[in-house]
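In: Could you look at this predicted model? Sequence included:
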Amino acid sequence: MNYKTFITEQVDALRRDVGNGIAINALSGGVDSSVVTVLAHRALGRQLKTIFVDNAIMREGEPQRVVKAFRDMGIPVELVDARKSFLRALKGLTDPEEKRQAITDTFYKDVFGKAVRRSKATFLLHGTILTDIEETVAGIKRQHNILSQIGIDPQKVYGYKVLEPLATLRKDGVRRVAALLGLPSCITKRIPFPGPALATRIVGEVTEAKLATVRKATAIVEEELGNTGAFQYLAVLLNDYATGIRNGKREFGQIIVVRCIDSVDARTATVRELPWSTLHRLTRRITAIPGVNRCLYDLTPKPPATVEYI
Ligand code: XMP
């Protein structure tokens, strides 16, 4: 595929489809939604409303960092603070699928629905890629970005039409387009990060206190393993507690698992053999987080494990 031609064609198609209307899109900072944002901004300028939803389960400083990266490119992004809505929806939930469902429902039925109505947009732009469609059809993935799967007919419920400008591309193609559009490498080279964010890395109930802990551990892991070139690296907070000893006193502390994997497409994964010195440094820093007294390294490939813990 000629990616320069792809860009021109998609920009033209967006202009044609949206006409004098208003289009809205949600930016997550991932490469797909970032490319949609830049393409649509080129095509539509001020007729495009881009929002970034702070759902309380993002990484350290992530909402501000993503919004700034786009504002620096001259693309206005509205930061919507929906932390309370998501935390309320997650309260008391421990089942992985219920947690995922609560996040999806809060996003589409509550937060995004309101933003769309407020914007008076009649077009919604989605970063769906070919792999998403294939995996959804094959039943491998429950893709939250395909509305009909969660029983929402966008035209009926919100009165808007969904446009998917990346639906013919796979990830490598999206990255090529991202580079051609001049997106910064912090976006084009970003390691995968799931839609349900840190909620996939807390086993059991998601609370503000647990989020603070896993967020700190995530920042340490990303800092320490950022130069490994691994496909993905992450921290998980378990629901169990273990006895430990700190300052001569016994304590019942939390357990963080570190995962660092190599993979091509996340369908299978092998575990990176990290040097002991790195593992020791990670352990030292992670067990300095208040309340955490154990750090484990996960040696399980995919399969039988998945990458995330919920
Ligand atoms: P699993 O845990 O299924 O993850 O082995 C495979 C890859 O997909 C990411 N992942 C998600 N991405 N929404 C996403 O956009 C999700 O619900 C989701 N769950 C997992 C995961 O980080 C890994 O790269």
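Out: Here it is on my side, so go on.
In: burial count for Phe231?
Out: Burial of Phe231 is recorded as 18 neighbouring residues (other Cβ atoms under 10 Å). All C-beta spots, glycine's among them, are computed from the backbone N, C-alpha and C.
In: Give me the phi and psi for it.
Out: Per-residue torsions, Phe231: phi -60, psi -40 (degrees, to the nearest 10).
In: how much space is there between the closest residue to it other than its chain neighbours and Arg272?
Out: Excluding the flanking residues, the one nearest Phe231 by Cβ to Cβ, 6 or more residues apart in numbering is Ser263, at 4.2 Å. For Ser263, the distance to Arg272 equals 10 Å [Cβ to Cβ, to the nearest Å].
In: for Ala219, same thing?
Out: If you go by Cβ to Cβ, the gap between Ala219 and Arg272 works out to 19 Å.
In: again, but for Asp81
Out: Applying Cβ to Cβ, the value for Asp81 to Arg272 is 36 Å.
In: how about the helices in the stretch 151-300 of the chain?
Out: Ranges of helices in the stretch 151-300 of the chain, per DSSP state H, counting those that start in this stretch, are 154-157, 171-180, 185-188, 208-225, 276-286.
In: Can you lay out these as a markdown table showing mean neighbour count, distance to the ligand and mean pLDDT?
Out: As requested, the helices of the stretch 151-300 of the chain are exported to a markdown table (neighbours: other Cβ atoms under 10 Å; distance: least, Cβ to the nearest ligand atom, whole Å; pLDDT from 0 to 100):
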| stretch | mean neighbour count | distance to the ligand | mean pLDDT |
| --- | --- | --- | --- |
| helix 154-157 | 13 | 19 | 76 |
| helix 171-180 | 18 | 11 | 94 |
| helix 185-188 | 15 | 15 | 87 |
| helix 208-225 | 19 | 12 | 98 |
| helix 276-286 | 15 | 19 | 98 |
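In: before we move on, the earlier item: Asp81 and Arg272: which has the busier surroundings?
Out: Arg272 (18 against 12).
In: Now for that one: which residues touch it?
Out: 228, 230, 233, 260-262 (Cβ atoms under 8 Å, 6 or more residues apart in numbering).
In: hmm, 7 Å instead?
Out: 228, 230, 260-262 (Cβ atoms under 7 Å, 6 or more residues apart in numbering).
In: Any idea what the nearest residue to it once chain neighbours are set aside is bridged to?
Out: Nearest residue to Arg272 in three dimensions, chain neighbours excluded: Cys260, at 4.4 Å (Cβ to Cβ, 6+ apart). Going by DSSP bridges, Cys260 is paired in beta bridges with Tyr233.
In: Quick check: the gap between Cys260 and the ligand.
Out: 13 Å (Cβ to the nearest ligand atom, to the nearest Å).
In: how about the residues of the stretch 101-250 of the chain near the ligand?
Out: 192, 194-196, 200, 232 (Cβ under 6 Å from any ligand atom).
In: In PyMOL, select just the buried ones from those residues.
Out: The following PyMOL line selects those of those that are buried, judged by 16 or more other Cβ atoms under 10 Å:
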select buried, resi 194+195+196+200+232
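In: I'd like the residues of the stretch 101-250 of the chain next to the ligand as JSON lines, with pLDDT appended.
Out: Shown next, in JSON lines, are those (pLDDT from 0 to 100):
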{"residue": "Pro192", "pLDDT": "93"}
{"residue": "Pro194", "pLDDT": "95"}
{"residue": "Gly195", "pLDDT": "92"}
{"residue": "Pro196", "pLDDT": "96"}
{"residue": "Thr200", "pLDDT": "97"}
{"residue": "Gln232", "pLDDT": "98"}
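In: So which of the residues of the stretch 101-250 of the chain next to the ligand sit within strands?
Out: Using DSSP state E, the members of those that fall in strands are Gln232.
In: Which single one of the contacts of Arg272 is nearest to Leu39?
Out: Ala230 (29.5 Å; Cβ to Cβ).
In: what separates that closest one from Pro192, distance-wise?
Out: In terms of Cβ to Cβ, Ala230 sits 11 Å off from Pro192.
In: which residues do those two both contact?
Out: With the criterion set as Cβ under 7 Å, 6+ apart, the contacts of Ala230 and Pro192 do not overlap.
In: Perfect, I'm done here.
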